[in-house]
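Participant: Quick check, what structure comes out for this input:
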Amino acid sequence: MGTTKRCLISRAEIARRVAELGERLGRDYAGPNMVMVGVLKGVFIFMADLVRALPFPVEVDFVRLCSYGAGTTSSGEVHITKDVEKSLKDRDVLIV
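Facilitator: Next comes the predicted model:
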C-alpha cells in the first residue's frame, strides 16, 4: 500500500533559510575556534548545506545517540553510541 507524500517546505525556502543561518552564524561566531557537532544520522545533509553557507572554515565532528533500543518507544535514557573524536576543550561548539 502506497503512502501519499506532499512537500511542506520547498527546496528554495530551505535553501534561503540555510543561507540566512550561515550569514547569522558568520556574524555571531566567526573565528578559528568553532567546531560544529552534528547528531547522526538525520543531520548530515542539512549540516553539509550549513557548512557550505558559512563565510569561514569550521571543523566538523559527529555524535550518535540512541534512546530507542530495539523498540519504537523511547526508553527515556540517552546513550552515546559514537562520541566526538576532536577535543572540545576551549572551543566554541555548535550542536546541530
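Participant: CA only for contacts and neighbour counts going forward, please
Facilitator: OK.
Participant: Do me a favour and get the backbone dihedrals for E85.
Facilitator: phi -110, psi -20 (degrees, to the nearest 10).
Participant: which residues touch the closest residue to it other than its chain neighbours?
Facilitator: The spatial neighbour of E85 that comes closest, neighbours along the chain excluded (Cα to Cα, 6 or more residues apart in numbering), is D61 at 6.9 Å. D61 makes contact with V35, M36, V37, G38, V84, E85, K86, according to Cα atoms under 8 Å, 6 or more residues apart in numbering.
Participant: Restricted to buried residues, select those residues in ChimeraX.
Facilitator: Per 16 or more other Cα atoms under 10 Å, the buried members of the contacts of D61 correspond to this ChimeraX selection:
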select :35,36,37,38
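Participant: in the chain, which helix has the most residues?
Facilitator: helix 11-29 (DSSP state H).
Participant: Can you tell me what sits against that helix?
Facilitator: For helix 11-29, using Cα under 8 Å, 6+ apart, the contacting residues are D49, L50, V51, A53, L54, P55, F56, D92.
Participant: and the residue nearest to E85, that one's in a strand?
Facilitator: Yes: under DSSP: H, G, I helix; E, B strand; the rest coil, D61 sits within a strand.
Participant: picking that back up, buried set for the longest helix of the chain?
Facilitator: Buried-residue list, helix 11-29, by 16+ other Cα under 10 Å: V18, A19, G22, E23, L25.
Participant: Also stretch 41-55?
Facilitator: By 16+ other Cα under 10 Å, the buried positions in stretch 41-55 come out as M47, L50, V51, A53, L54.
Participant: Next, the second one: secondary structure please.
Facilitator: In other words, L50. With three-state DSSP as the criterion, L50 reads helix.
Participant: picking up where we left off before, export the contacts of D61 to a markdown table and append columns for pLDDT and secondary structure.
Facilitator: As requested, these are arranged in a markdown table below (pLDDT from 0 to 100; DSSP: H, G, I helix; E, B strand; the rest coil):
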| residue | pLDDT | secondary structure |
| --- | --- | --- |
| V35 | 93 | strand |
| M36 | 94 | strand |
| V37 | 96 | strand |
| G38 | 95 | strand |
| V84 | 94 | coil |
| E85 | 93 | coil |
| K86 | 90 | coil |
